[in-house]
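> Quick check, what structure comes out for this input:
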Amino acid sequence: MPGLQRVGAEVMDTTTHRVEAAMAAVPRSHYIPDRAWDRGQPIDRSTDPERWQALVDADDAVVTQVDQGAPDGPGLATSSSSAPSVMARMLDALDVAEGMRVLEIGTGTGYNAALLAHLVGGEGHVDTVEVDEEVAAGARGRLAEAGLSNVAVHHGDGAAGHPDGGAYDRVIATCAVSRIPQAWISQAPGGVIVAPWTPHPRQPGGLLARLQVRGNTASGRFAGDLAFMSIRGAGAPEPAATGLNLEPDTAETVTTDPWELLSPDSVWPLWITVPGWIYGMRRDDDLPWVMWIASTHEYGWARISPASEGYLAEQGGHRRVWDELTAAWQWWHHHGTPDSTEFGLTVAPHGEHRTWFAPNGPTWTH
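Numbers count the residues shown, from 1 in each chain. Presented below is the predicted three-dimensional model:
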């Protein structure tokens, strides 16, 4: 499987081979609806079968719903089938054995649930929860057509898990969350949770969390960086002052490239080590671009824009968020740019999320 890689020292040596065997045995094409989207354009299997098949065969995500099914929306992707290599990474991290009970959050097409059903075998069981009733119905039909009797599709809010299902050995989310719900922890006593994590919904970048549940706490290292569609209902990031049209308290020319710090591919160390901020970009009448950064914990903002030599960094409010980000970036480089697998996440019983640098480094409360 292209891009498949091992994640986490705790994962059994046989897991990767079992995931590869499952993906070879379960055809993706059975689970992709006849209408999919490519670069915002609908592709119908009946009218363009070759292009539809090319989408299915590619190691890439396939958008299977836009605008939550509304007919006249802007074309925003709201459901998809993840790239097979990404699915393999997550299933590898989940470490599913035969006979296990697995809870999946985000059914989508049903393909991942079918892979899970293959991995747990006839003695195991998969419950999968989907918030969109139409998407759930489609997946339920495709799983039934495949003759899979050890998987059940439930329509509901995935953040609540599936309390009627009893205890699970594994929980996997196919959508990004900013807070690991306590319901998942309580429904997986002694089990493992695998979920894409990002501190703020709708912001770029993210990490794959692999958490071991012990009592009311879940903790574990990240299993690499990974961006995913946010869980339905997560909403926009917290309102924050972005500094638009405000006079700064400080202004200085800097050489640090904001695009290097805040690109979607490299922003993850800052999400881990600097809690409580969001960012974005806007256009300006006199400038080609202005990058804004805003604190969500206390009042503070920054504007970064191109200057004749380097960049102009303007800041206002009580919190100097740009200074915090550049200091964190320097700390990360000072420590040899450690991989995301050297960091972890702990979710406390009262819901506090704390990231940390292993084995005995600093911690950050989110």
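> how about V213, secondary structure?
With DSSP: H, G, I helix; E, B strand; the rest coil as the basis, V213 sits in strand.
> Who is it paired with across the strands?
Counting by DSSP bridges, V213 forms beta bridges with A218.
> what's the burial count for it?
V213 has 22 neighbours, counted by other C-beta atoms under 10 Å. (Each C-beta comes from the backbone N, C-alpha and C, glycine too.)
> contacting residues around it?
I185, A188, P189, G190, G191, V192, I193 (C-beta atoms under 8 Å, 6 or more residues apart in numbering).
> Wait, a helix at S46?
No: per three-state DSSP, S46 lies outside any helix segment and is coil.
> these two touch, right, it and R35?
No: if you go by C-beta atoms under 8 Å, S46 and R35 don't touch, sitting 9.0 Å apart.
> on that earlier part again, and the contacts of V213, which is closest to V26?
Among those, V192 lies closest to V26 (C-beta to C-beta), at 21.7 Å.
> So what does that closest one look like in phi/psi?
phi -130, psi 140 (degrees, to the nearest 10).
> Next up, the contacts around it.
L94, D95, D169, R170, V171, R210, L211, Q212, V213, G220.
> can you tell me which of the residues you listed are in strands?
R170, V171, R210, L211, Q212, V213, G220 (DSSP state E).
> If you count surrounding residues, which of S46 and R35 has more?
R35 (15 against 8).
> Give me the pLDDT value at that one.
On the pLDDT scale, R35 is placed at 96.
> tell me the contacts of it?
P42, I43, D44, R45, T64.
> Which segments of the chain make up each domain?
15-225, 250-334 (automatic domain parsing).
> quick one: which of those domains is nearest E352?
With C-beta to C-beta as the measure, domain 15-225 is the member of the domains of the chain nearest E352 (9.9 Å).
> what distance separates the start and the end of that closest one?
20 Å (C-alpha to C-alpha, to the nearest Å).
> Among the contacts of V213, name the ones in helices.
I185 (DSSP state H).
> Generate a ChimeraX selection restricted to the buried subset of the contacts of V213.
Selection of buried members from those for ChimeraX, criterion 16 or more other C-beta atoms under 10 Å:
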select :185,188,191,192,193
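> Which pair of the contacts of V192 spans the longest distance?
Farthest pair in the contacts of V192, by C-beta to C-beta: D169 and G220, 15.3 Å.
> Which strands and helices lie in contact with the helix or strand A22 falls within?
A22 belongs to helix 15-25 when elements are defined using DSSP states H and E. Counting contacts by 3 or more C-beta pairs under 8 Å, 6 or more residues apart in numbering; DSSP states H and E, helix 15-25 packs against helix 84-94, helix 111-120.
> hey, which of those is tucked in deepest?
helix 111-120 (a mean of 25; mean count of other C-beta atoms under 10 Å).
> ok, residues contacting the helix or strand immediately after that one in the chain?
Next in sequence after helix 111-120, counting helices and strands by DSSP H and E, comes strand 125-130. Strand 125-130 is contacted from outside by 101-108, 110, 113, 116-117, 120, 136, 139, 150-158, 161-162, 165, 168, using C-beta under 8 Å, 6+ apart.
> Quick check: helices, which of the residues you listed are part of them?
A113, L116, A117, V120, A136, A139.
> From G147, how far out is the third one?
So that's A117. From A117 across to G147, the span is 10 Å (C-beta to C-beta, to the nearest Å).
> re earlier: compare the helices and strands packed on helix 15-25 and give me the one nearest T253.
helix 84-94 (40.6 Å).
> what packs against the closest one?
helix 15-25, helix 111-120, strand 170-173, strand 192-197, strand 207-214, strand 217-225.
> could you dump the ones you listed to a markdown table with mean pLDDT?
Shown next, in a markdown table, are the helices and strands packed on helix 84-94 (pLDDT from 0 to 100):
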| stretch | mean pLDDT |
| --- | --- |
| helix 15-25 | 92 |
| helix 111-120 | 98 |
| strand 170-173 | 98 |
| strand 192-197 | 97 |
| strand 207-214 | 97 |
| strand 217-225 | 96 |
